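**Student:** Have a look; sequence and predicted model below, questions after that.
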Amino acid sequence: MHLFDPFRPGRIGFVLLASLGVVINAVTLPNDLSSRATFDPTILTFKSEVHTDVSLRFVRNSGVCETTPGVNQLSGYIDFGTNMSMWFWFFEAREKPETAPFTLWLNGGPGCSSMIGLFQENGPCKVDADGHTTILNPFSWNNISNIIYIDQPIGTGLSHGVIDVNSTFAAAPPFWTAFQVLLESQEFHKFESREFVLATESYGGHYGPEFVTFFDEQNAQIEKGAIQGEKTTVSALMINNDEVIAALNQAFFGPGGCQEQEMACFAAEEDADSNSICGTADDFCIENVFVPAVGNRDSDDLRQNSSALFPPEFYVNLLQFEQTLGLSQTFQVTYRECAGSVDDQFSRTGDDARTLLPQLASLVNSGLKTLIWAGDADINCNWLGGHASVLAMDWFGNETLHHTPFTNMTIRGDAVAAIQNVDNFSFA
């Protein structure tokens, strides 16, 4: 039996971080907020000397969300020229920030904001039932790691500008550039030598493998002196409720059916007609398999009706009227958890139907510590499909994984997850 409570992703993720070798220390959250980090309303800037017309603008210690005394935060934009801005929000680790790992969190979509992860999953706070206030999250990942949340690609969440990418592969270069400028700055350069965890979910089954692969390729170019930049070595990859192969999550049988069309997409690879083949497969599988299967339930949690409301979307829109976060005052967006306009662009290339399993297999074969984990109430990126994906992965531990039983992970004697582990790879 696969055990997992998707309403406690912060808690289970906190424990799963430990499974990757991150040391957990006890953290006591204070009630006295009088010594919280001091808000500085000054908008600070940094202009890259390497990447033309790319810069940062941000504020320190807004006092929003993370109110733990002495814990610093930064929030603002990575600007690409004029009116092309990628939103980021960074939180220092509550314990030993000077030596703690550095974690990047990306939500999926495509076009879904990482503020979902921040406010509903593993961030320092949760939005209260009134939709106007927050409470500290005792299971926040920043208990043990410095963490940054980024809304990418542009057009996602609080990022704004012209949507200029239409696939996972097209999204990797500008995201690498954004991360390069962060690491180039004095604020983030110190993290270049830290353990770096790339954590993502859902469509992150596409983003994670491709982004780490691209980072590795760029590192090789930097080492050869072909390009100038900051080496960014990912030490661990974590993917929650992954969508690496859509066919195994959405599909199946029948002549001309979803599985057959998805396999045709895989075979097309980057051929001239691959966009059409993959786009047709994606549309067919969604309309004829996924939508009828979900009905009126919440595709991310079948235990509840699709009309169930979450407050963070309302709360984040309220934040845009505040002067504390470093949000753009000249270009305001109506925040949506998931941006249909971004998804529309990715649909044009059939990106959803493409597989990133070869890239994931290559990373696992390289020795990269990798964790794939999923909730058992999610049909959108369900655990059965996720498990089938990793069983289909071509890597040195494939046969061993097939014969490795699930072992329960427990917290205070209660089973909270079931795990398979082979060498540097784990599935939960």
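**Tutor:** Received, thanks.
**Student:** Quick check: what element follows the lengthiest helix in the chain along the chain?
**Tutor:** Once the chain is assigned using DSSP state H, the helix that runs over the most residues is helix 204-224. Beyond helix 204-224 in the direction of the C-terminus, DSSP states H and E gives the next helix or strand as strand 236-240.
**Student:** Does anything pack onto that next one? Which helices or strands?
**Tutor:** In terms of contact count using 3 or more Cβ pairs under 8 Å, 6 or more residues apart in numbering; DSSP states H and E, strand 236-240 is assigned the packing partners helix 9-19, strand 196-201, helix 204-224, strand 369-373. Placement of C-beta: from N, CA and C, glycine included.
**Student:** got the angle for it vs helix 204-224?
**Tutor:** For strand 236-240 against helix 204-224, the angle by axes from the mean of the first three to the mean of the last three Cα atoms, to 10 degrees is 160 degrees.
**Student:** Just want the angle from strand 236-240 to strand 369-373.
**Tutor:** Angle of strand 236-240 versus strand 369-373, following the same axes, to 10 degrees, is 10 degrees.
**Student:** Could you pull out the helices in the chain for me?
**Tutor:** Counting by DSSP H, the helices of the chain are 9-19, 115-117, 168-184, 204-224, 247-250, 258-268, 274-285, 291-294, 312-319, 340-347, 357-365, 383-391, 398-402.
**Student:** Can I get stretch 204-220 in CSV, CA atoms only?
**Tutor:** What follows is stretch 204-220 as a C-alpha-only set of coordinates in CSV (Å, rounded to 0.1, in the frame of the first residue of the first chain):
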residue,chain,number,x,y,z
GLY,A,204,8.5,19.6,-12.9
GLY,A,205,8.8,16.1,-14.2
HIS,A,206,9.6,17.9,-17.4
TYR,A,207,11.4,20.9,-15.9
GLY,A,208,13.6,19.1,-13.5
PRO,A,209,15.4,16.7,-15.8
GLU,A,210,15.8,19.2,-18.6
PHE,A,211,16.9,22.1,-16.4
VAL,A,212,19.5,20.0,-14.6
THR,A,213,20.7,18.6,-17.9
PHE,A,214,21.0,22.1,-19.3
PHE,A,215,22.9,23.3,-16.2
ASP,A,216,25.3,20.4,-16.6
GLU,A,217,25.9,21.3,-20.3
GLN,A,218,26.5,24.9,-19.5
ASN,A,219,28.9,23.9,-16.7
ALA,A,220,30.9,21.9,-19.3
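**Student:** any idea of the mean pLDDT for it?
**Tutor:** In this model, stretch 204-220 carries a mean pLDDT of 96.
**Student:** in it, what counts as buried?
**Tutor:** By neighbour count with 16 or more other Cβ atoms under 10 Å, stretch 204-220 contains the buried residues 204-216, 218-219.
**Student:** Also stretch 69-76?
**Tutor:** For stretch 69-76, by 16+ other Cβ under 10 Å, it's 71-76.
**Student:** From these, which land in strands?
**Tutor:** Assignment to strands by DSSP state E places the following of the buried residues of stretch 69-76 there: 73-76.
**Student:** out of these, which one sits closest to residue 287?
**Tutor:** residue 75 (39.1 Å; Cβ to Cβ).
**Student:** what about the closest one, distance to residue 173?
**Tutor:** Summarising the geometry, the distance separating residue 75 from residue 173, computed by Cβ to Cβ, to the nearest Å, is 24 Å.
**Student:** Which residue is the nearest non-sequential neighbour of the residue nearest the centre of the chain?
**Tutor:** Centroid check for the chain by Cα atoms, centre = their mean gives residue 106 as the closest residue, at 2.1 Å. Leaving aside its chain neighbours, residue 106 sits nearest to residue 200 (4.3 Å; criterion: Cβ to Cβ, 6 or more residues apart in numbering).
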